[in-house]
Every structure is written in C-alpha cells, then in structure tokens.
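Trainee: sequence below, structure please.
(chains A, B, C, D and E, ligands or ions: 4)
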Amino acid sequence: MSGIKHFFDVFINSFDVFVEGFKITIYLSVASLLIAFIIGLFFAILKISNVKILQWIADAYIWLVRGTPLIVQIFVLYYGLTEIILLDKFWAGVAGLAFHSGAYIAEIIRGAIQSIDKGQTEAGRSLGMTSGLTMRRIILPQAFRRAVPSLGNQFIIGIKDSSLVSFIGMQELFGVASTQGSNNFDYLPFYLTVAVYYLIIVLVLTVLVNMLEKKMAQSD
Amino acid sequence: MSGIKHFFDVFINSFDVFVEGFKITIYLSVASLLIAFIIGLFFAILKISNVKILQWIADAYIWLVRGTPLIVQIFVLYYGLTEIILLDKFWAGVAGLAFHSGAYIAEIIRGAIQSIDKGQTEAGRSLGMTSGLTMRRIILPQAFRRAVPSLGNQFIIGIKDSSLVSFIGMQELFGVASTQGSNNFDYLPFYLTVAVYYLIIVLVLTVLVNMLEKKMAQSD
Amino acid sequence: MSEGKEKEMIKVEKLNKSFGDLHVLKDIDLKVNESDVVVLIGASGSGKSTLLRCLNFLEIKNSGKIVIEGDQIEQETHDLNKVRERVGMVFQHFNLFPHKTVLGNIIEAPTQVKGISKEQAIKEGKLLLDKVGLGDKYNVYPSTLSGGQKQRVAIARALAMKPDVMLFDEPTSALDPELVGEVLSTMKELADDGMTMVVVTHEMGFAREVGDWVVYMHDGKIVESGIPIDLFDNPRKERTKEFLGSIL
Amino acid sequence: MSEGKEKEMIKVEKLNKSFGDLHVLKDIDLKVNESDVVVLIGASGSGKSTLLRCLNFLEIKNSGKIVIEGDQIEQETHDLNKVRERVGMVFQHFNLFPHKTVLGNIIEAPTQVKGISKEQAIKEGKLLLDKVGLGDKYNVYPSTLSGGQKQRVAIARALAMKPDVMLFDEPTSALDPELVGEVLSTMKELADDGMTMVVVTHEMGFAREVGDWVVYMHDGKIVESGIPIDLFDNPRKERTKEFLGSIL
Amino acid sequence: GTDSSDGGTDNSDSADSGSEFNLIEDGKLTFAASGEFKPFSYMEGGEMVGYDIAVAEAIAEKLGLEAVQQKAKFSGIVTGVKQGRYDIAVASHTITDKRLKQVNFSEPYYYSGPVIYTRPDSDIQSADNLKDKEISVSRGSTYVDMASKYTDNIPQVDSDVVALQSLAKGHHDAVITDSITGQTAIDNGLEIENRGQLGVSEQAVAVAKENEKLLDAVNEALNELKESGKLAELAREWVGVDITQKPEELK
Ligand SMILES: Nc1ncnc2c1ncn2[C@@H]1O[C@H](COP(=O)(O)OP(=O)(O)OP(=O)(O)O)[C@@H](O)[C@H]1O
Ligand SMILES: Nc1ncnc2c1ncn2[C@@H]1O[C@H](COP(=O)(O)OP(=O)(O)OP(=O)(O)O)[C@@H](O)[C@H]1O
Ligand SMILES: [Mg+2]
Ligand SMILES: [Mg+2]
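Mentor: Ligands and ions are numbered 1, 2, ... in the order given. Purely as a prediction, here's the structure:
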C-alpha cells in the first residue's frame, strides 16, 4: 500500500522534470522518424529499381540493420562517426534511430508499393506519364495509404526505441527516469512513472493512426 | 587503413572474451524465448477463449508490453520483482526478455490459430474429440507451422533485444563489448566486433528458419 | 422414412434453431430408421446444413427434442463428445487434417478419443482404406490427393469411429464433375452395407437410386417428404414442383 | 483495313515479340487508316493483348517496324512517353486511380504531362464526362461507380489526352452482362466521331456493326483478316471457321 | 596543438579568451560529468549540479570561459576527452596508470576512497570475506580492478547508484564505490552498510594529452581555488565535509 502511495507521490512531484524529458523524447522521435521515412523511401525505391547494384546496396543496408541490435547501432554511430563528423548526442541519437527505423520503413514501403496493382502503373504510363511521375503521383500515394497501419506501428516502435538514446547521455524520458532514480537512490517508482508516460504516448499515437486509417478508408 | 587493421587486431585478440559473452547471449536468448513461447501460447489461448475476462487479461498484458520500451520493462522487473522474488540478474534478464517477447509471440500464435480453417475444428469435434484435444492435436500443430516465419523473425528480435540485459550487469555480448571498450578507452572496434557476432547469429538463425520452413512445406 | 417396428436411429421433434434474430430451423420433425438413407434437398439457405449440424451437435438447438437411438440428448445431461462419436459427419470441403498422412487422419480419433491401440487402429484403418479403394495411399499427405480421393478418405475417417449414423453435407459439390462418381459409389456401397445415412445433396440420380426417403426443405421448414419416386415424379406442393423444376 | 490514299495512322511490319523463350508475336503485319475501327479477335493466349501493348509501347518489340502517323518509332530515337500521349489505351480492368476523384483521374495526365492549366483541364474534363454520360459524377471516387461507369470514365480519361488512336483491350469482359451495352454504345459514338480505334473484343455484334476491318489471330500470327461481313460469314481458313464456331 | 594559429589571425585569436587551448567551442569550456554520482554530479531541473560541476564552473570562471556541461555515461568519458568530444572531464575520475596512458590528469581536486558496501544482514565484514562473492561496480571505474582481486563475478553497470540500488534491493553480495557516494546513499535511506575502506584515492580533472596548455591552466586555476579556500568551501557546500585536503596516508 505504502508502495503505491509512494509511487503516486513520485509521479506527481516529478511532473516538471518528466515534461522536459517528454519534450526531448518527442523531438528525438519526430526528427528521427522523419529522416527514417526519407531513408526508408529512398531504399524502398532502390529495392524496386531494376538495377542489381542498387538492390544490393539496399539489401546490404537492411541486412545490417536487421542483423544487429539497435543499441550497437547507436553506439557505433556515436563513437564511430566521430572520425567523420562529431555529432552532438542529440543528432547522434537521431542518426542512430533514423538509421535503424529506416530499414524497417524501407521494407514496409517496398511491400506497399509492390502490393499496388500493376495496372495502375500501366494506366499511368499509357497516358504518357514518365515512370518517375507515375511513381510519384499514382503509386506512392496509394502505397502510403496502404502502409499507414504498418507505418504507425513502426512509429510506435521508434518512439519506444528512442529510450536507448539515454545511454549516450540524452535526458529524454528514460534518461530522466534514470537520473531521478539515481538522485533519489530509488529507481522503481521512477521507472514505473516513465512507463506511464510511454503508455500515454503510445495510446495517443494508436488512436491517431486509427483515425487516419478511417479517414483514408473513406475515399477508397 | 590503420583503422581497419586495428579493428582486425581487436577482433582477433578479443576472441576469447567474446566467446564467453556469446555463450551468455545464447543462454539468455534460448531461456527467454522458450519461456516467452509458453507465455505467448498461454495468452494466445486466453485471447481466443470465449471468456471476456480472460480476453481482457490477455489484452492488458499485450497492451502493457507494446506500450512501454523493453529497457523500462527490464528495469522495472529487475527492481520490482525483488519485492516478490529475488531473481539473480540472469533470471531477472530472462524474465524481462520473456515478458516482452511473450506478448509479440502471443499475437503471432493467436493470428496463426485464427488463420486455420474453421472446418478443421469442426472435423475434430465431429469425430468426438474434445475442444482441448482438437486444439492440441489438430489446430496448434498447423498453427505452429504457419507461424514459423513470424516466430523466426521474433526470435531474431529476441536475440538482439538480449543486448539490453547488459544494463543490469550481464556480461553477454554487448556487455563484453562495453566493458572491453571502456577498459581499453577505445569503443568503436569493440562495438564493430560485437556487431559481427550478432550478424553471424542472425544469419545462422535466418538460414535455420528457412530450412525449417522448407521442410515443413513438404508435407503441405 | 418407412414406418414400422424398425429401430429409430434419429428422432427430431419441433426442432428450432436461430442465429441471433435469424430463425433458421422452424419446428422440424424428422425420423430416421436404422439402415435408412434420408436425402435432404432444398435451395441454398433453406437450413439443410444447419439441420445436419444440429444432429451432430456442432450447433446447439434452441428448442425441441433430438433423440439418438432412444436417448434424448440434452447439452446439460449428456457429454456431447460421446454422442458425436456415434454420429459421423462428412463435409463438403473434406476438412482432412493436412499435417497428418492419410492413415494419420484415420487413426487420430480412434486412438485419441477411444483409446484404441495404435496397431489396432492402423489395422482397421487400412481395411477401411481398402474399402474406399485407397489402400495404397495410406502413407501420403492429403495435399497430394484429388478431391474425390480426399472425400473418400474423409468417409473412411468418419467410419473409423464406427458410428451408427453417417451425415453427409453436400459431399460431392466441391468436386470436379468427373470425380463425383467415385464418391457417390463409395456412398452407395456404404448404404448397401446397411449404414444409416442422412445426406444433403443435389445429386438427384443418387437420391432416386439410393435414397429411401427424400425431405424437401424451404426457408427452415420441411415442406414435403416421401419416397423418391413419389416426391420427384408427383410432388404435391407447388413450392416443391418449382424447386424440382429449377434443378432438374 | 480499306486500302487507298487515306492517312495511315498505324503501320506494323514483321513485328516480333518474345517473353523469354516464348515467341508471342510472329511477323505481324497490320495497317490502320485514319478513322478506321480495327477489331482483333482470337483465342486466349493468341497474342492480342501483347500486340495492343506493343502499339502503345507498354511492351517493347524484339524486331520489326512500328510506324505511327508516319514516324517509325524506335526506343532509341524516340521519347516513348511522348508517343504514348498520342495513343490512348483502355484496359479490361479499367485501372482507374482509386485515390483520385473521377475528375481527378481525367485531369491528371493533361495537367501533369501536357502542362495544361487546371482550370482548362477541368473544363475539358467535364465536357468529356458529359460525352460519356457521367457529367454528374465528376466529384465521386471510382469505388462508388459501377463497372460500366468505371469503364466510361477510363475512356474519358484516355480521351482527355486527345490521342490520335485509341486502343481497347477487352473493355467489356470484366463487366456484368447488363452493363456491357453502355460501354459499347460509348465506343460506337466515338467511332462515329471518326476516332481511329483498335479493339480487342469478344463482342461479335459490335465487331460486325462498328468494325471496318476484323483481324483473326492464332498462336501469335494473323491467320486471316477482312471486312466483318466477309470474315464472319465466309471465313477462308479452317482455323477461323473453327474459332468462330466455338464462340458464336 | 597551439601551432595551428597563423600569424595573420594571431592578434584577434589571443584577444578571444581561451583560443590558445584549442577548445571545442571558442570561449567555452566543455566539460563532461556523469550526472549519476550524487553528490558529485546529479540532475536537478535538466541541469547537472554537484561538487564536480561546481569545481568545473569555478575553473571555467578562472579561465575566463563559459562552462558548458555534457552529461555522459561514466564509462565513456575518458574516451570522449581523448576523442575531443569534451575539453575536460570533471567527473570524479580517480588517477590511475591505465587512465594516464589515455589522458593527462590535473592536481587532485578531492581525496576519497573506495569502500565495501553490503546489505545490513550480510556476513561480509571486511575485504577478507569478499572472495568469490558477487561484487557489482560501475563500468569503467577503478573499482573493477579492485573487485577483480577477490572474484570473477563482477556485474558492471552504468552508474554507481544503479549498483548500490541493486544491492539494497537484494541483488549482488557487495558493491565497491566511493565512500562519499555510499554515505550519501545511506543518508538517502538506502539500507546498506559500510564494511571497510579499501584505500585512498585522488580525484582529478582529465584533459586530452595534446592539450598541455589547458592542463597547465586548469592546474593553475585549481591552485588558486585551493589557496583562496574556495575549493574547500565548495566541498563543504556540496559534500558536507572538506575533502580537498590530502589525507595522512598519502603524505
Ligand atoms: N453460424 C451462422 N451464423 C449466422 N447465420 C448462419 C450461420 N450458419 C448458417 N446461417 C444462416 O442460416 C441460414 C441457413 O443456412 P444453411 O447453411 O443451413 O443453409 P443450407 O440449406 O445448407 O444452404 P446451402 O445449400 O447454401 O449450403 C442461412 O441464411 C445462413 O446464412
Ligand atoms: N509479361 C509476360 N511475361 C511472360 N509471358 C507473357 C507475358 N504477357 C503475356 N505472356 C504470354 O504471351 C502469350 C500471349 O498473351 P496475350 O495476353 O497477348 O494473349 P491474349 O490473346 O490477349 O489472351 P487473352 O484473351 O487471354 O487476354 C500468352 O501465352 C501469355 O501467357
Ligand atoms: Mg449447406
Ligand atoms: Mg488479352
């Protein structure tokens, strides 16, 4: 019982610091997912291109990401990129998360593109549209609609994954929980508190994705 | 160039310590995935049961796991479980990983069970088999075959996820890389080395899953 | 459904069944004597399958009586699994177990439900496969069989439980036309051996030749029934005439 | 394909096309004059669609000549996208863009490819929709249309690019029978307006009434061609007779 | 190195304070600390505070630079200094030979010592009982080497407080960490006990090897802070006692 009261005390008293962490989690997630989306789109298009070498590049990238843990990717980028460019930890974190999610998003988009009926491409081409224009105006808009549920799911995963950036020192939600736990020599209530914040974010995003799905279903 | 030579030196010289970490990664993964499989099967059956309250329990569990980052789950279980049962860090890690993968495996198994034609259940029941016997002898064997690709994928994710247990002090592959990097004040080559180990594990598992899939396809 | 002192295998009285608001079976009365072959006909949606499934308790009736070999079966008082052992069923889509060989399909229920030894079940199973003309196929998986072969295995599988009655729900309508014959002749042999059968089918030739009694259903009710020659050649009801006109 | 000094819209000479080892079009020769309606008939797999798709460069020929309005079109020397603007195509499965309204489908290519202003494209698009009898449907999404309506929108969409030739690949075979008429009559109007058309169809009534020239293909070759009345009523080749016998 | 500035810009460079140190950002002293080592560094309102931080800020002030703090995992800080990610580390680093191969250290800015902590009910009474026990320590700390004298079973975590917290929750047999951090944990209610000090340690500021000018400047600043009594004042403010005096054993 006292444990529960203690948890509520912690939850309420730590509101201000967690709001700071919450903001950083959101910045991290939004920035990394936007970049991941562009990376994913790029590699999806490489994969469906008919150029073998481009397909190999995309395959290699996806294989690397799927074959190694995110935490390794983040650390390699954080320590490894210093040879090329010294990213601060926010952008190193964004780069690591985007690099990671990008591969999964590439697979989602590729799947969605390939699920669009070939007749759509043929209709576009037969009207004199170039293959690029057909892709951009006809195929991709349909593919994105179809990909909304999977993309939404991947975005939720991306937000949760951003917690690992705390290990390169970011004070996002999980980082705040860790330092608060350390300050107070008492981790459990802070980790429970941060779990509640994540649950809320995921819940809100789930509802948004469902709404988007419904809205898009209307025109189909 | 010297960077590459340095990496190879590290890779070769650190072989012995990484083999120790490799073993622990395998023990962790196998133990947690076996338990996760049982948890997943259990909650999958709760979800397809016709008992509302059991379905709610399963939904709540899956919602909790999908709504919070794995690292939060590991820390909460690590600190929180001590109130109930004192697990050493290996078993605390196994518990955290199994708790996490269990929810995803539950969804995979539920999906596979529901994809089996209703006629199979009816055939079993019409022969006088009880619903439990029909589930065990007729539905589950077919569902598992169908779930092999997704389960394989989830197992690969599970192995990569085991890297997070290093944060509660396990010297598995990633923990070894961190410690070595810190001892030698030189992280990058150790993180690259550990990436290679993970790539090998994932590659081997991918091949095994593909072989299993092919073997199972023969009788269908 | 010839009257007399023959043993009543199935007796149905005032059977009603609804799915939600949809009243699918309405006051059905039916008797099936031992060794009779009763053929159910009727348009799609008239409730034939539902009636069959109620007889096998795959669907649970809302009201009315179902008496199997003298026992009035109620969900509350009977172990329905035990009852189902006595009533075999053959489905339109075969529903063979794809992960088991032909013999595996056949011995599954005898060994698992009746507790018969595996050797014994295999021995009996092989005899049954011989009987349906598939003695050489015992070790293959269902996916390698033709539709007609699958359905004959399904019949053997049901027979392996030594049921007293066999229910057939459109056993030939998922088959290519050239494969219908082999299944119907297996069913005819079964009838000749004295098996009690209730058959939903659109094969009027079979109904005429093998059926002892034909029941015409429409909209959840039994409109008319009689021996094949009467019902087919001299239907009394206008609806029956119409239906026969549409399918013959 | 009446001879004379009329303008040659399409001339095909010794056209060959293979998919891997499969030789699908074999030395095809074909001429289509301005305002002609050429009907392609033949069994499934005979290469009708492939020929049509070669004319629109959705498939690239292996050898032979394709001359469109006097230009010999080669992948190396021509921008095929530009050529496709002049050759409209209507598909069996409509292939409307589901994420755009009816009007959005129609103005897509004129605005994006030809760079016509949106206002202008909308004005012309609405006129075309009136012409195919769907003037009131401009603002709905394709999913709300019947098959016949979809195909008429597809025709309007192709016409919006002001092509010189229209190709139709079985435009009515995905339609419920009662919807075929509305599409055929739209096509007939188009022919009456003087549009040059190549039509793959099994609608012999249309071929007879609207066709100027009928081409019968078999196994990648043109077996026989002629004006409809000759080809249908007095086929010279045995194969043509057989084919006509099987479909009429 | 300082030879990077060419003649043409020499004047303007030296006018800009701190440019001779080749800093990451001109005019700013970027320093790293872990933020999870109360009372030396910990988070308060999104910023690190504590004795380490106060010392770093005092040094920066002496050098006429603006202090910029960087929170980092303890185990990565020395590497970060080496790689040029931070100008200096004021993160309670104990001077060790191993670390001296990677970076230079200033004069110590405080003195402390590693202590064995256990749960109150533990039968470990001193270092003599540590053999083959499970001893958790912070990854990359000097305590790793210390613990390895007694056992191979050394779970390494990312902060001393994680180790202490785990200990209190029932994990591990013992934790080796700094006496002041351990005492602070006890003051904060952690149920653990001190079972003996394992020695004395000197904590100093880490500076990259190439940056000798910066090292000299830091030493000069520390000396001034010591002589003016400012350092002792900071220690009393954050730690409660003066830990800036060299203990007897080391003299
Ligand atoms: N499980 C169910 N839930 C709801 N309605 C059902 C269910 N099963 C059958 N029905 C409905 O009950 C009615 C009778 O169905 P039934 O399958 O018994 O007809 P049938 O005579 O076998 O037709 P068919 O020749 O098409 O097999 C139909 O309207 C059907 O839609
Ligand atoms: N993209 C392709 N790749 C390989 N083979 C193809 C391809 N397109 C068509 N074919 C083959 O070429 C042959 C001719 O096909 P085509 O579609 O032109 O026939 P068709 O006369 O239009 O038949 P249908 O009346 O069925 O539409 C067929 O054997 C077909 O399988
Ligand atoms: Mg039925
Ligand atoms: Mg075709």
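Trainee: neighbours of residue 204, just the number please.
Mentor: Because you didn't say which chain, this covers chain A. 10 (other Cβ atoms under 10 Å in any protein chain shown). Where you see a C-beta, it was placed from the backbone N, CA and C, and this is true even at glycine.
Trainee: right idea, wrong chain: chain C
Mentor: 17.
Trainee: and the gap between it and C:Val38?
Mentor: 15 Å (Cβ to Cβ, to the nearest Å).
Trainee: kindly report the same for E:Ile124.
Mentor: Counting by Cβ to Cβ, the gap from E:Ile124 to C:Val38 is 85 Å.
Trainee: wait, isn't E:Val81 in contact with E:Ile88?
Mentor: Yes - E:Val81 sits in contact with E:Ile88 when judged by Cβ atoms under 8 Å, with a separation of 6.8 Å.
Trainee: anything in contact with each of the two?
Mentor: E:32, E:206-207 (Cβ atoms under 8 Å, 6 or more residues apart in numbering or on different chains).
Trainee: what about chain A, any weak spots by pLDDT?
Mentor: A:1-2, A:82-83, A:86, A:218-220 (pLDDT under 70).
Trainee: dump the residue contacts of the residue nearest the centre of it.
Mentor: Residue closest to the average C-alpha location in chain A (Cα atoms, centre = their mean): A:Gly158, at 3.2 Å. With Cβ under 8 Å, 6+ apart as the criterion, the residues that contact A:Gly158 are A:29, A:32-33, A:36, A:97, A:101.
Trainee: cutoff 10 Å now
Mentor: Counting by Cβ atoms under 10 Å, 6 or more residues apart in numbering or on different chains, A:Gly158 touches A:28-30, A:32-33, A:36-37, A:97-98, A:100-101, A:104-105, A:151.
Trainee: got a quick PyMOL command for the buried subset of those residues?
Mentor: Only the buried members of the contacts of A:Gly158 end up in this PyMOL selection, burial being decided by 16 or more other Cβ atoms under 10 Å in any protein chain shown:
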select buried, chain A and resi 28+29+32+33+36+37+97+98+100+101+104+105+151
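Trainee: which one of the contacts of A:Gly158 sits closest to chain D?
Mentor: For the contacts of A:Gly158, the closest approach to chain D (Cβ to the nearest Cβ) belongs to A:Leu151, at 16.4 Å.
Trainee: and the nearest residue to E:Lys82 once chain neighbours are set aside, how many neighbours does it have?
Mentor: Counting by Cβ to Cβ, 6 or more residues apart in numbering or on different chains, E:Lys82 lies nearest to E:Gln102, which is 5.3 Å off, once chain neighbours are set aside. Applying other Cβ under 10 Å, we find 17 residues neighbouring E:Gln102.
Trainee: picking up where we left off before, and which of the shared contacts of E:Val81 and E:Ile88 is nearest chain A?
Mentor: E:Ala32 (8.6 Å).
Trainee: could you list every helix and strand in contact with the helix or strand the closest one falls within?
Mentor: Secondary structure assigned from DSSP states H and E places E:Ala32 in strand E:28-33. Judged by 3 or more Cβ pairs under 10 Å, 6 or more residues apart in numbering or on different chains; DSSP states H and E, strand E:28-33 is in contact with strand E:41-44, strand E:47-49, helix E:51-63, strand E:66-71, helix E:77-83, strand E:88-94, strand E:201-208, helix E:212-227.
Trainee: tell me which helix or strand in chain C has the weakest average pLDDT.
Mentor: The weakest-scoring helix or strand in chain C, judged by mean pLDDT, DSSP states H and E, is helix C:238-247 (a mean of 87).
Trainee: can I get it in PDB, CA atoms only?
Mentor: The C-alpha trace of helix C:238-247 is given here as PDB (Å, rounded to 0.1, in the frame of the first residue of the first chain):
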ATOM      1  CA  GLU C 238     -46.400 -26.100 -55.500                       C
ATOM      2  CA  ARG C 239     -43.000 -25.000 -54.000                       C
ATOM      3  CA  THR C 240     -41.600 -28.500 -54.400                       C
ATOM      4  CA  LYS C 241     -42.600 -28.500 -58.000                       C
ATOM      5  CA  GLU C 242     -41.000 -25.200 -58.600                       C
ATOM      6  CA  PHE C 243     -37.700 -26.300 -56.900                       C
ATOM      7  CA  LEU C 244     -37.500 -29.500 -58.800                       C
ATOM      8  CA  GLY C 245     -38.200 -27.700 -62.000                       C
ATOM      9  CA  SER C 246     -35.400 -25.300 -61.300                       C
ATOM     10  CA  ILE C 247     -32.800 -28.000 -60.600                       C
END
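Trainee: what about the residue in chain C positioned nearest to chain E, neighbour count?
Mentor: Closest to chain E within chain C is C:His99: 45.6 Å, counting by Cβ to the nearest Cβ. By other Cβ under 10 Å, the residues close to C:His99 number 19.
Trainee: so it, which state does it fall into?
Mentor: coil (DSSP: H, G, I helix; E, B strand; the rest coil).
Trainee: now distance to B:Trp91 and secondary structure too, for the contacts of A:Gly158, in CSV please.
Mentor: Below are the contacts of A:Gly158 laid out as CSV (distance: Cβ to Cβ, whole Å; DSSP: H, G, I helix; E, B strand; the rest coil):
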residue, distance to B:Trp91, secondary structure
A:Leu28, 32, helix
A:Ser29, 32, helix
A:Val30, 38, helix
A:Ser32, 34, helix
A:Leu33, 35, helix
A:Ala36, 35, helix
A:Phe37, 39, helix
A:Leu97, 30, helix
A:Ala98, 35, helix
A:His100, 29, helix
A:Ser101, 32, helix
A:Tyr104, 31, helix
A:Ile105, 36, helix
A:Leu151, 37, helix
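Trainee: residues in contact with residue 167?
Mentor: Since no chain was named, I'll use chain A. A:71, A:74-75, A:78, A:89, A:93, A:174-175, A:178, B:71, B:164, B:166-167, B:178, E:72-73, E:76, E:158.
Trainee: try again with chain E
Mentor: Counting by Cβ under 10 Å, 6+ apart, the residues that E:Leu167 touches are E:117-119, E:122, E:134-136, E:173-175, E:177, E:185, E:190-192.
Trainee: so how far is A:Phe185 from it?
Mentor: For E:Leu167 relative to A:Phe185 (Cβ to Cβ), the value is 11 Å.
Trainee: which neighbours do the two have in common?
Mentor: What both E:Leu167 and A:Phe185 touch, as defined by Cβ under 10 Å, 6+ apart, is the set E:185, E:190, E:192.
Trainee: that's a strand at the first one, yeah?
Mentor: This means E:Ala185. No - assessed with three-state DSSP, E:Ala185 is helix; it does not lie in a strand.
Trainee: most neighbours, which of the shared contacts of E:Leu167 and A:Phe185?
Mentor: Neighbour max across those (other Cβ under 10 Å) = E:Ala185, 25 neighbours.
Trainee: what parts of chain A come near chain E?
Mentor: A:16-17, A:20-21, A:23-24, A:75, A:78-79, A:82-83, A:86-89, A:166-171, A:175-176, A:178-188 (Cβ under 10 Å from any Cβ of the partner chain).
Trainee: buried members of these into ChimeraX, please.
Mentor: Those of these that count as buried under 16+ other Cβ under 10 Å are selected in ChimeraX with:
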select /A:17,20,21,24,75,78,79,82,87,89,166,167,168,169,170,171,175,176,178,179,180,181,182,183,184,185,186,187,188
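Trainee: my guess is C:Pro228 contacts C:Glu209. True?
Mentor: Yes - between C:Pro228 and C:Glu209 there is a contact under Cβ atoms under 10 Å: 8.1 Å.
Trainee: settle it for me: which of the two has more neighbours?
Mentor: C:Pro228 (19 against 13).
Trainee: check what pLDDT the more buried one gets.
Mentor: If you check C:Pro228, the pLDDT there is 94.
Trainee: and it, its phi and psi?
Mentor: Backbone torsions of C:Pro228, given as degrees, to the nearest 10, read phi -50, psi -50.
Trainee: give the contact list for it.
Mentor: C:37, C:39, C:204, C:206-214.
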